[in-house]
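Novice: Fold the following and give me the result.
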Amino acid sequence: MRILIAALLATASVFSPLNSWAQSADVEATIKAVDAKALNFTLDDGKTYKVPEEFNFEGLKAGVKVLVFYTVVDGNRVVDDLQIVQ
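Specialist: Take a look at the predicted model:
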């Protein structure tokens, strides 16, 4: 039984750093460009953020300040949530 528990703990410690790779991050910046056809937008930090197909671009245009919550997936920043900052 001790060997089984030790093996499980060793396995868990090996895979625990993988969780940090999929964590969400956030950024507050101003929209530089919006491309609804390509399903993405670029912020004034120079980075492009992809959005899901059902994303509503209403109210988003260059010059609008936003707070973007995103996850990096395969090197792409994928938007989880977006809030317009007043």
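
Novice: what pairs with the closest residue to Gly59 other than its chain neighbours across the strands?
Specialist: Distances taken as C-beta to C-beta, 6 or more residues apart in numbering put Ile84 closest to Gly59, at 6.2 Å, once the chain neighbours are dropped. C-betas here are computed from N, CA, C, even on glycine. Judged by DSSP bridges, the bridge partners of Ile84 are Val66.

Novice: Could you pull up the contacting residues of Ile84?
Specialist: 59-60, 64-66 (C-beta atoms under 8 Å, 6 or more residues apart in numbering).

Novice: if we go to 10 Å?
Specialist: 31, 59-60, 64-67 (C-beta atoms under 10 Å, 6 or more residues apart in numbering).

Novice: now these in JSON lines, with neighbour count and distance to Asp45?
Specialist: Putting those into JSON lines (neighbours: other C-beta atoms under 10 Å; distance: C-beta to C-beta, whole Å) gives the following:
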{"residue": "Ile31", "neighbour count": "20", "distance to Asp45": "11"}
{"residue": "Gly59", "neighbour count": "8", "distance to Asp45": "20"}
{"residue": "Leu60", "neighbour count": "16", "distance to Asp45": "16"}
{"residue": "Val64", "neighbour count": "13", "distance to Asp45": "14"}
{"residue": "Lys65", "neighbour count": "14", "distance to Asp45": "12"}
{"residue": "Val66", "neighbour count": "19", "distance to Asp45": "11"}
{"residue": "Leu67", "neighbour count": "13", "distance to Asp45": "13"}
